[in-house]
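Participant: I'll drop the sequence and a predicted model, then ask my questions.
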Amino acid sequence: MTTAPGRLIQMLEDVVRAFVRSDIAHAIAGGMAVAAHGLPRGTKDIDFLIDYNDIDRAETALRALGFERAAEAAGDGFARFVRHPLPDLPEIAEWVDLLLARQELGRGLIRDAIRDPVSWQGMELVVVSPAGLVLMKLLACVDDPSRVQDRADIVGLLQIHADTIDVHWIQLNAGLLGEAYAHAYQQLAAQSRVRTQPSGPSHGL
């Protein structure tokens, strides 16, 4: 069982404050970032994009808030931290997922987010841009087709930010990631009725 929505917002404030104190460059991602960009939906955790080289300092900051690293949910690009805020109710869990940027593309998303903070829930927050979220969610749903919520988020973000989102940047980077990503983006853009250009040859990063 996950924590209540109100506690998620408090947890967000606590983690952001801890990262700022520790000078950890970060950007909120995942469902909470989607909500911050005007597409409200439920979420049961908080995702942060951080530089891979900052993982040790981030772990120290999260441990000070009572989180422990979940070894079963670790990888080169991902780390999960869990805490149980109510000792008498161990089934209540709160968790923070860290998405670890190892390439310049991910680090650029963090820098761009820092330059353009978002006001949400009475806070000024560093949030991955709508275009960056589309690309991140494209990676996730192509790699794991069962992630249908990511596909819905992409369509929703493209629709509500149709006048401002950088679709050419998304299309270019989807093509660089590979043909499967470019094709998936074309399909989702068509669902959202966003105009695209014909894809050129793909190149690996």
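Facilitator: In hand now; what should we look at?

Participant: mind listing what the residue lying closest to residue 81 once chain neighbours are set aside touches?
Facilitator: Residue nearest to residue 81 in three dimensions, not counting chain neighbours: residue 67, with 3.9 Å by CB to CB, 6 or more residues apart in numbering. Every residue, glycine included, has its C-beta placed from N, CA and C. Contacts here follow CB atoms under 8 Å, 6 or more residues apart in numbering; on that basis residue 67 touches 81-83, 94-96.

Participant: what's the answer for residue 70, then?
Facilitator: 80-82, 95.

Participant: Tell me the one of those residues nearest residue 132?
Facilitator: residue 80 (21.1 Å; CB to CB).

Participant: In a helix, the closest one, correct?
Facilitator: No. Residue 80: not assigned to a helix; according to DSSP: H, G, I helix; E, B strand; the rest coil it is strand.

Participant: Report the secondary structure state of the residue of the chain positioned farthest from its centre.
Facilitator: Centroid-distance maximum for the chain: residue 88 at 31.5 Å, with CA atoms, centre = their mean. Secondary structure, three-state DSSP: residue 88 is coil.

Participant: Show the pLDDT at it.
Facilitator: Looking at residue 88, its pLDDT stands at 72.
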